[in-house]
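Asker: Return a 3D structure for these sequence lines:
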Amino acid sequence: MAISSFIPPFRKFHFALFLLLLSTLTSYVAANVHSDSTHPDAPVIVEHPVDSLVLKDAAVTLGCKAKGDKVKIMWYKDKRPLEIDARDGHRVLLPIGSLILLKFNTGGKNSDEGTYFCEASNEFGSVRSQEADVRSAVLKNDFKVRPKGLQVIVGSRAVLECSPPEGYPQPTVIWQKDERELRIQDDDRMIMHGGNIVIDPVQRSDGGFYKCLAINMVGERESNPVKLSVLEKPHFLVEPKDLVAEVGSSVSFDCRVSGDPSPTILWKKHNENMPIGRSYIAPDNSALRIDRIEQSDEGEYVCSAKNSAGVIESSARLKVHAQPKFTKTPSDVNVNLGATAIFDCSATGQPEPAVFWSREGEQEFTFFAGRNSPDGRIKVSPEGQLMINDVRATDEANYVCAAMNSAGSTLAKATLKIANKDLTAFIRCAVLLRKVDLYLTGLIRESYVDHGREQFVHEPTSSFDIEETAMVFGTVLSLTTTLSLTCIYNASLCVNGTNPQAAVLNPPPIIQHGHSNQTLMLGSTAILPCQASGRVPPHISWLRNGKVLNFDLYVSRYTQLNTGSLQISDLQKSDTDVYTCRAKNVDGEATWTASLTVEGHSDPSTVFSRMSDTSAFPSAPGRPTVLNYTDDSIELEWSAPERQGVNPVSGYILQYYSPEIGETWNNVQDYISGTRFRLKNLKPGHTYVFVIRAENSKGIGPPSLVSAVVKTKPAQSYYMSVRHEIMSIPDCRWRLLQYDRSRHCAPATWIAAANPTGRS
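Answerer: Numbering: from 1, shown residues only. Below is the predicted model of the structure:
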């Protein structure tokens, strides 16, 4: 076989010549002298033959040199005299005594392999040299063990086996990868064990074609190349994320994987069937879309990726939110004074809707399960049933049942009518000639029928000056009727506007993910995300430095994407500014503002920062719950988010909405580090709902679910301690004026007598 690159052909001859010279030089070294004479003139061998390893058909010289007179040299092979025939030219005896084998034979009876020594003699004696073994170099063709192709997984251990052919001297094993010598000594992951190569751990770059080479002085033998295939288990580039969707909408789960060979992606619903006719998988299986979401679609969806190296799975949960629907709606109720009125109301939805009651046109009347009237007369059961005990004339009104969750709200109305109402009185009080609305409570007694104590409340229909008129009645009292009246100031009548409880059912849109401050390189592309949701899908617009962004001024560099996000291509320094995303619908609006700075790369002090992917942010915290509230404060508690993101949560951002304050969400400026917070300096008698967001060093996460409705207590009402008795108008006037001469909406309690004698 031809000499490889490791022993090129032109070097083979030089190598053989080197061995010949080495043998000749070494023969001069004295070793063991066999002499049968001690005569001083007997021969002395000064150069002995040495062991030799000879290539087939190559020449070899066995040295032998002796001192003495008329010395004769004779050679022996295997202890027999060696015949040297000058005619065949195969063996040549040099004058100095060395033996040259011109063409080394390795087989048959003429083989030159054996044990040689020379003998020097003269008339005074003889001496024999040391023995020298002469053998031929051999390298057979067949490998004992040839390498085999392997498939291994990244990170595992690979062993490529090789046992070289028999040879003398023992051949050296080297490895080639892709026709290049493998420098095992330069890679700590690789070791040679016998002729085998061990790679641990395997990397993707180790894949290729390997072959084993066996080399000695004869030449080289090489194995057939074999392939080491390095497989990579699937791993996720993008995992599916939990989603929340409303009934009737569409969702899309993303799932992107990498591996070698390319993994196959499969989608399934955990322990359930996939939605039939409404679920679609992208051509590359990287996304699952579900249209026309139904409540039954809620569940866990699994993305499975498989190749010959392994299988991985990741799942995401779909929560389906459905707007509330009434399972029971209230019906009109007609009862007598003093009886009990019951209105049924229950609703279903996802998440479970909160049910609360209000009285049409009255801001102060808001009740829900767990919140009763101070005297316990009005209460709402956990099932949503409104119960009004000891019905009074003032209870006659329209009652509104509202069911609300994060997906929307619905209303139902019923009327409470008083069957035996026989007296209606209306009155308005004035303090220092300033008109003040007051409620009227009264006691009716009729001489021929004793109805007992019947209290009623009516709103005034006219105003009067106490100095001029005592009161104005809506109906004419009979001669037998005695009426005593108490006028009580109601703070709610000083509030203008519509019913706040009804308004809070439809809070403004809320921005799920907004953009953050960014410093980007000149010529790059900026993405300013803005994703918003609302009862009615909001319209998203962008403002720059407080002014509506005119896309026509920027040709094609400024684009508003379908998601609402703003994309700015080929950034210029003139793009540096403050940008605001505004999400608006019929319920109000929400805004999100952050800055964009564009710099060149020439300034080494510039620190570029691009907004992280939202997967690095914390997930939404738990829905805020109300622990306590007063007339100007509300204490809230919530649970930490399930996912912190890439970094721990550093704090929380609390937002609130109150219809009495405005049609947008307001940020609480306080730093909030824990999961409980008392919000102070609120308005008495105002309605609030809250959301909470978690923040880490990468950004602000999505909002929680909207809290239940909470209303701060009304401003403290002041009542004069007046005995319930008949008194004169002047006395009532004196008490009223003495109480407060400065308030525009002055609290007052007074008692007036109507026909105290019972006669007209």
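
Asker: Quick check, central residue of the protein?
Answerer: S615 (3.8 Å; C-alpha atoms, centre = their mean).

Asker: The stretch 251-400 of the chain: helices as residue ranges?
Answerer: Shown for the stretch 251-400 of the chain, no helices are assigned by DSSP state H, counting those that start in this stretch.

Asker: Next: the chain.
Answerer: Counting by DSSP state H, the chain has helices at residues 9-26, 500-503, 729-739.

Asker: re earlier: ok, now which ones touch the residue nearest to the centre of the chain?
Answerer: Neighbouring residues of S615 by C-beta atoms under 8 Å, 6 or more residues apart in numbering: K241, G645. Placement of C-beta: from N, CA and C, glycine included.

Asker: Can you give me the distance of it to G546?
Answerer: Distance of S615 to G546, computed by C-beta to C-beta, to the nearest Å: 31 Å.

Asker: Repeat that for M611.
Answerer: Taking C-beta to C-beta as the measure, M611 falls 21 Å from G546.

Asker: got the contact list for the nearest residue to S639 once chain neighbours are set aside?
Answerer: Distances taken as C-beta to C-beta, 6 or more residues apart in numbering put G622 closest to S639, at 3.2 Å, once the chain neighbours are dropped. Contact partners of G622, counting by C-beta under 8 Å, 6+ apart, are W638, S639, A640, P641, S704.

Asker: of all those residues, which two lie farthest apart?
Answerer: Pairwise distances across those (C-beta to C-beta) peak at 10.9 Å, for the pair A640 and S704.

Asker: which residues does the closest residue in space to Y76 that isn't next to it in sequence contact?
Answerer: The spatially closest residue to Y76, leaving aside those adjacent along the chain, is F117, at 5.4 Å (C-beta to C-beta, 6+ apart). By C-beta under 8 Å, 6+ apart, the contact set of F117 is P49, W75, Y76, R128, S129, Q130, E131, A132.

Asker: So which of those residues are in strands?
Answerer: Those of the contacts of F117 mapping onto strands are W75, Y76, R128, A132, per DSSP state E.

Asker: Buried among these? Need that as a selection in ChimeraX.
Answerer: Burial among the ones in strands among the contacts of F117 is assessed by 16 or more other C-beta atoms under 10 Å; the matching ChimeraX selection reads:
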select :75,76,128,132
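
Asker: quick revisit: how about TSV for the contacts of F117, with pLDDT added?
Answerer: Converted to TSV, the contacts of F117 look like this (pLDDT from 0 to 100):
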residue	pLDDT
P49	94
W75	94
Y76	94
R128	94
S129	93
Q130	94
E131	94
A132	93
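
Asker: Just put those in a markdown table and tack on distance to S574.
Answerer: Shown next, in a markdown table, are the contacts of F117 (distance: C-beta to C-beta, whole Å):
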| residue | distance to S574 |
| --- | --- |
| P49 | 95 |
| W75 | 102 |
| Y76 | 104 |
| R128 | 105 |
| S129 | 100 |
| Q130 | 97 |
| E131 | 98 |
| A132 | 94 |
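
Asker: farthest pair in those residues?
Answerer: W75 and Q130 (13.3 Å).

Asker: Let me know the closest of the contacts of F117 to D41.
Answerer: R128 (17.4 Å).

Asker: Would you mind confirming that the closest one is in contact with C118?
Answerer: Yes. Contact between R128 and C118 holds when scored by C-beta atoms under 8 Å: they sit 7.4 Å apart.

Asker: okay, and the common contacts of the two?
Answerer: Overlap of the contact sets of R128 and C118 (by C-beta under 8 Å, 6+ apart) consists of I45.

Asker: for the protein, which strand is longest?
Answerer: Ordering each strand of the chain by length in residues (DSSP E) puts strand 310-328 first.

Asker: Which secondary structure elements does that strand sit against?
Answerer: Judged by 3 or more C-beta pairs under 8 Å, 6 or more residues apart in numbering; DSSP states H and E, strand 310-328 is in contact with strand 226-238, strand 243-246, strand 251-254, strand 299-307, strand 346-350, strand 397-405, strand 408-418.
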